[in-house]
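take a look and give me a structure for this.
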Amino acid sequence: MSEHQHRALASGKTIAVVAITAVLAVLAMPTRAHAGTYVINDCPAAEAGDYNVGPWAQFGTLTAPGSFKQTCVTASDWFGIASNGIPSNATAGETLQSPPSITMQHIKLWWEAPAPAPGGGWSYALVDVYSPGWSRVFQSTTPMSADGAGKTAPSELALPTNTTQVNVEIYCTNSENCTYNENPLQISGSQITLADSGMPKGSVTGGGLAGTGPVSGTQSLAYGAEDSGSGVRLVELLVDGQSVAKNDYLAECPYENFAACPTSVSSLISWNTADVSEGSHEVGLRIVNAGGNAVVVDDHTITIDNAGAAGPLPSIGPGSPAAERGPANGTNASDQAALSAHWTRTRKATFTSRYGGRDQITGRLTSASGQPISGAVLDVFQTPASQGAKAVQLAGMRTGSTGEWSVSLPRGISSSMLRFSYRSHVDDTMPVATATLTLRVYAGVALRIAPRVASVGRSIYFSGVLHGAPIPEGGKQLVLEASSGGEWIQFDTVSTNAKGRYRATYRFKFPGPVTYRFRVISRYEADFPFLNGASNTVDVYEH
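Next up is the predicted model:
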């Protein structure tokens, strides 16, 4: 920040800019997921946080008018216990209980717990860890702050093997009720490393590649896949042990709950048989869950015969021989189908959303006479709004009994054109009905500053993350702005790394007192498919 800018800000003309750190023997365990493991992040303070409390559930007893808070909907929000206190010799807090096949390996917590009010008794903030047949308690006295925002680092706990339950709680040890002047337990974020020992399962339900052949041209497999643990992450078509086509469900995987991805999916996967030589080939379907566990189903041999085909293989659709088109796609399947699609919040074709929004699209598929086409698979294609971006196929969905369908877009989706299409037969390569919508998304930027109180000659440190992908090669440029009550002034620029993370430093050159507000701006660039976006604002007091 220049001397002129700093003086202007300081004068107010242009800028205004849960417990306890448990006594833990914490092992230095990375949060990067390995085979069989995956990581979920919940609430804004987490490193890849969102606005959902995920698998956390409330438990215990509170004194009236105390209440549990189970939402975190803003960048500075939290969940836990709101106001008042805990009855004598009672506990209350938040708990994680994993389902079968899932265990917890590591947890990182952003949380706070105040001291009881004067005369309000004495209590502890606890982290309790449970595994079949035993329990282990980690505790420390209040007050504490592990919010990662210039106070203390987040609490980290390397969990014992086979941990199935973790409680974060307040325990009142006094013979009288424990009362507080502040919210007794605030969890502003969690990052949990989970291990999934379960395997996905599935089956092939039809398509030209389901038989032995001979087959030619573009052919498909229809399938259903499920995983009750971490969810279905990926379905791949294997030919001779190599992946030749895939349906990637990452766009439907928020990684915010034990089931990080959809627990069941059904769709088609297509492949051009001309990509390999004539003759016999092994074909299989590989299903991968969010933990990285994989299983191959329906491994069999097919015969490919593209001999005699002159030039490019013809498209398959209306007018093609029935034998090439395969089974009908849905009840009342029709070559004259009508497909509608619209946003749940507006009837306009273009919708603008914030990053991390859970936006929904609904529609209906009918025949020319208005009959509902039920049980039909619809294809979904996304073309990101970045220069040179190509369309990618997302996981499809099935229509319901009335022909209606709906889809929730992933929280991390970028500005895109979305195309929905219907093929009236399983092996068609040409759709008979399409619908298109446009999504515009503001860039999502998170900002933290430490310390929040400084003086002349002292420095403050900026850190955060630019959400969304793909990050441009060499990083995305961000603008740092400040205000002291008036307009915002740009005082620096910084580039992210390949993962969207950024850091910056500013040293105060002139004395206060003054309170500055800081924010970070991501401006539109052709190779980053998001609109202009601003971070949360952070106040810093210079005395």
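
contacting residues for residue 374?
330-332, 399-403 (C-beta atoms under 8 Å, 6 or more residues apart in numbering). For glycine as for every other residue, the C-beta is placed from the backbone atoms N, C-alpha and C.

nearest to residue 515 among those?
residue 400 (54.4 Å; C-beta to C-beta).

filter the contacts of residue 374 to the buried ones?
For these, a neighbour count by 16 or more other C-beta atoms under 10 Å gives the buried set as 330, 332, 399, 403.

just put those residues in TSV and tack on distance to residue 194.
Formatted as TSV, the buried ones among the contacts of residue 374 follow (distance: C-beta to C-beta, whole Å):
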residue	distance to residue 194
330	37
332	43
399	33
403	38
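
how about the helices in this structure?
3-10, 322-325 (DSSP state H).

can you get me a residue count around the closest residue in space to residue 343 that isn't next to it in sequence?
Spatial nearest neighbour of residue 343, excluding adjacent residues (C-beta to C-beta, 6 or more residues apart in numbering): residue 351 at 4.5 Å. Residues lying near residue 351 (other C-beta atoms under 10 Å) number 21.

do the same with the one 10 residues further on
By the measure other C-beta under 10 Å, the count of residues near residue 361 is 22.

measure it to residue 514 for me?
Using C-beta to C-beta, to the nearest Å, one gets 47 Å for the distance from residue 361 to residue 514.

which residues of this structure score low on pLDDT?
Where the chain drops to pLDDT under 70, the residues are 1-35, 133-135, 137-142, 147-151, 308-314, 388.

outline the domain layout of it.
Following automatic domain parsing, the chain resolves into domains at 37-196, 201-307, 338-441, 445-542.

any chance of those in TSV, plus distance to residue 316?
As requested, the domains of the chain are exported to TSV (distance: least, C-beta to C-beta, whole Å):
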stretch	distance to residue 316
domain 37-196	38
domain 201-307	7
domain 338-441	5
domain 445-542	32
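
ok, which of these comes nearest residue 317?
domain 338-441 (3.1 Å).

what's the end-to-end length of that closest one?
28 Å (C-alpha to C-alpha, to the nearest Å).

repeat that for stretch 202-215.
Its first and final residues considered, stretch 202-215 spans 23 Å by C-alpha to C-alpha.

which parts of it are buried?
In stretch 202-215, counting by 16+ other C-beta under 10 Å, buried: 202, 204, 206-210, 213, 215.

same deal with stretch 457-469?
460, 462, 464-468.

ok, stretch 433-453 next?
For stretch 433-453, by 16+ other C-beta under 10 Å, it's 433, 435, 437-439, 441-449.

format those residues as a markdown table; extra columns: distance to residue 534.
As requested, the buried residues of stretch 433-453 are exported to a markdown table (distance: C-beta to C-beta, whole Å):
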| residue | distance to residue 534 |
| --- | --- |
| 433 | 40 |
| 435 | 33 |
| 437 | 26 |
| 438 | 22 |
| 439 | 19 |
| 441 | 14 |
| 442 | 8 |
| 443 | 8 |
| 444 | 10 |
| 445 | 7 |
| 446 | 11 |
| 447 | 9 |
| 448 | 15 |
| 449 | 15 |
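
now, which of these lie within strands?
433, 435, 437-439, 441, 445-449 (DSSP state E).

report how many residues lie close to the nearest residue to residue 272 once chain neighbours are set aside.
Leaving out its chain neighbours, the residue that sits closest to residue 272 by C-beta to C-beta, 6+ apart is residue 218, at 4.8 Å. The number of residues packed near residue 218 is 20, by other C-beta under 10 Å.

strands of the stretch 251-400 of the chain, start to end?
Counting by DSSP state E, counting those that start in this stretch, the stretch 251-400 of the chain has strands at residues 264-272, 279-289, 294-304, 338-343, 350-353, 360-366, 377-384, 392-398.

what helices or strands is the last one leaning on?
What it means is strand 392-398. strand 242-248, strand 264-272, strand 377-384, strand 404-408 (3 or more C-beta pairs under 8 Å, 6 or more residues apart in numbering; DSSP states H and E).

can you rerun that using 10 Å?
strand 232-239, strand 242-248, strand 264-272, strand 360-366, strand 377-384, strand 404-408, strand 416-422 (3 or more C-beta pairs under 10 Å, 6 or more residues apart in numbering; DSSP states H and E).

the inter-axis angle of that strand versus strand 416-422?
Computed by axes from the mean of the first three to the mean of the last three C-alpha atoms, to 10 degrees, the angle separating strand 392-398 from strand 416-422 equals 50 degrees.

and strand 392-398, which residues are buried?
Going by 16+ other C-beta under 10 Å, strand 392-398 has these buried residues: 393-398.

so how far is it from its chain's centroid?
18 Å (C-alpha atoms, centre = their mean, to the nearest Å).

tell me which strands that strand pairs with, and in which orientation.
strand 377-384 (antiparallel) (DSSP bridges).
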